[in-house]
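Undergrad: Next comes the sequence, and after it the predicted model I'd like to discuss.
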Amino acid sequence: MTHDPLRTKLCDMLGIEFPIIAFTHCKDVAVAVINSGGFAVLGEAMHEADQISQDINWIRERVDGKPFGIDLVLPASAPPGGSVEDLLTKIPAEQRAFEQEIKKKYDVPDPKDKPDLYSWGGLNQAMARAQLDVLLDEKVPVICSGLGSPAFLLDAAHERGIKVFGLVGKTRQAKRQLEAGVDGIIAQGFDAAGHTGAMGTFSIVAEVAAIAGDTPIIAAGGVTTGRHLAAALCLGASGVWTGTLWLPCRESDNDMIIKEKLIAANSEDTSWSTSISGMTMRVLKCPWTEEWAKPEAPQVLPPPYQMLLSSDYIQGANDFRRDDLMTEACGQGVGSITEMKPARQIVSDMVEEALTAFERITGEDE
Ligand SMILES: Cc1cc2nc3c(=O)[nH]c(=O)nc-3n(C[C@H](O)[C@H](O)[C@H](O)COP(=O)(O)O)c2cc1C
């Protein structure tokens with residue numbers, strides 16, 4: 001091959017060696033991927049402003065000037081403000097009673113403290129805005145919006161030399177964001193961990209790539225091997241955005257119970273459920289998702305109320321390390337993750353496997 005197929009316009013835009021982006025909540029994973037030639041985006045939607053600022057500086061001290069991104073959620077549908085306590089009072093009695101029934105049935109412990117999800121930026125717009133202000137002040141190289149269009153922040157970001165990427169689950173969302181002038185689009189398909197729409201990864205990546213012009217498209221949803229990376233580039237993407245892949249890696253600070261569950265899991269162990277946040281989300285199946293899937297379950301609440309309702313179950317399960325209850329966002333590509341590898345090895349295996357796939361396609365392996 002005369003041209004390196006892994007050298008894409010995303011690599012040129014970000015100044016990275018390989019077109020592999022890790023989405024992670026773990027700073028150690030982010031730094032390991034960045035220092036292995038990839039790019040990392042740290043999910044900060046659950047942190048308050050001070051913590052975000054500390055995390056940004058922690059990363060900066062370890063990557064020798066290399067770029068990185070920070071991801072927030074900016075859902076336009078979130079209430080404008082209001083304390084968590086106010087929001088909690090609006091949870092209807094029927095859904096609260098069902099939550100209590102599940103807790104009793106499975107002996108779910110109460111959380112040790114306030115659930116982490118109470119500081120999720122998707123709960124109200126004022127929280128998300130305070131988080132965003134830190135990213136603008138810190139002039140982080142890339143801001144990514146996991147939920148909601150980032151069009152409103154483009155001018156402020158670009159004035160500060162910040163690139164803005166939007167994550168979409170529908171082609172029409174991509175079209176609107178491209179017209180607004182985002183610097184990159186993450187086209188995320190049904191296979192993905194976390195909040196994800198109904199469009200398959202193959203379909204959304206191909207459709208969005210076809211309308212993107214020079215803007216790099218990054219494929220997400222089910223990407224866990226180098227073969228997925230090669231396929232994504234063939235579909236017209238300039239790189240991949242991966243989440244599940246890093247959860248069980250060596251550097252990850254995830255609980256060992258979750259890491260082991262992920263290593264053992266296949267795609268059928270995931271559930272595409274609204275029961276966690278009120279929006280469709282792919283997670284590892286657990287009693288909470290299974291109970292809400294039953295016909296007798298009440299209607300799931302709209303965001304952000306369902307997230308507040310599920311947060312006690314999730315935090316109680318995590319605090320007491322109850323492997324029968326614990327869950328985590330998890331994509332369908334989990335079936336290809338069979339070992340707990342260091343991040344650097346994940347990057348190099350992915351690169352090697354993608355190159356082998358391209359050689360096989362072009363007959364250069366013969
Ligand atoms: C534990 C976990 C939490 C996630 N939380 C967020 C989030 O806060 N914001 C966001 O944009 N994406 C979030 N995602 C989705 C990822 O950004 C990514 O799009 C997704 O993991 C891609 O699919 P994959 O897991 O199959 O690689 C999360 C993913 C995981 C695994």
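TA: Ah, there it is.
Undergrad: List phi and psi for Ser145.
TA: Reported as degrees, to the nearest 10, the phi and psi values for Ser145 are phi -110, psi 110.
Undergrad: count of residues packed around it?
TA: The criterion is other C-beta atoms under 10 Å. On that basis, Ser145 has 26 neighbouring residues. The C-beta positions use only the backbone N, C-alpha and C, and glycine is treated the same way.
Undergrad: again, but for Ala210
TA: One way to gauge burial is a neighbour count; for Ala210, by other C-beta under 10 Å, it gives 12.
Undergrad: Go ahead and confirm it touches Gly236.
TA: Yes. In this structure, Ala210 sits in contact with Gly236. The criterion is C-beta atoms under 8 Å, and the distance is 6.7 Å.
Undergrad: Quick check: buried residues in the worst-scoring helix or strand of the chain on mean pLDDT?
TA: Lowest on mean pLDDT, DSSP states H and E among the helices and strands of the chain sits helix 84-89, with a mean of 90. Using 16 or more other C-beta atoms under 10 Å as the burial criterion, the residues of helix 84-89 that qualify are Val84, Leu87.
Undergrad: Which residues does that helix contact?
TA: Contacts to helix 84-89, defined as C-beta atoms under 8 Å, 6 or more residues apart in numbering, come from residues Pro79, Tyr118, Leu123, Asn124, Pro304, Tyr305, Leu308.
Undergrad: by contact count, what packs against the host helix or strand of Gln306?
TA: When secondary structure is defined by DSSP states H and E, Gln306 falls within helix 305-319. Applying 3 or more C-beta pairs under 8 Å, 6 or more residues apart in numbering; DSSP states H and E, we find helix 305-319 packed against helix 84-89, helix 93-105, helix 287-292.
Undergrad: Indicate whether that helix makes contact with the ligand.
TA: No. For helix 305-319, no contact with the ligand is found by C-beta under 6 Å from any ligand atom; the gap never falls below 11.6 Å.
Undergrad: How far off centre is that helix?
TA: Here the centre of mass of C-alpha atoms in helix 305-319, compared against the chain's by C-alpha atoms, centre = their mean, to the nearest Å, lies 19 Å away.
Undergrad: what are the C-alpha coordinates of it, in CSV please?
TA: Output for helix 305-319, consisting of C-alpha atoms alone and laid out as CSV, is shown next (Å, rounded to 0.1, in the frame of the first residue of the first chain):
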residue,chain,number,x,y,z
TYR,A,305,-36.8,12.5,36.4
GLN,A,306,-36.1,8.8,35.5
MET,A,307,-32.3,9.4,36.0
LEU,A,308,-33.1,10.8,39.5
LEU,A,309,-35.3,7.8,40.2
SER,A,310,-32.7,5.2,39.1
SER,A,311,-29.8,6.9,40.8
ASP,A,312,-30.4,5.4,44.2
TYR,A,313,-30.5,1.8,42.8
ILE,A,314,-27.3,2.4,40.8
GLN,A,315,-25.4,4.1,43.6
GLY,A,316,-26.5,1.6,46.3
ALA,A,317,-25.4,-1.3,44.0
ASN,A,318,-22.1,0.3,43.4
ASP,A,319,-21.4,1.4,46.9
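Undergrad: what does the average pLDDT come to for that helix?
TA: Averaged across helix 305-319, the pLDDT comes to 96.
Undergrad: helix, strand or coil for Val167?
TA: One correction, residue 167 is Leu, not Val. Leu167 carries the three-state label strand when classified by DSSP: H, G, I helix; E, B strand; the rest coil.
Undergrad: Who are the contact partners of it?
TA: Leu167 makes contacts with Asp71, Cys144, Ser145, Gly146, Leu147, Ile185, Ile186, Gln188, Ala220, Trp241, as judged by C-beta under 8 Å, 6+ apart.
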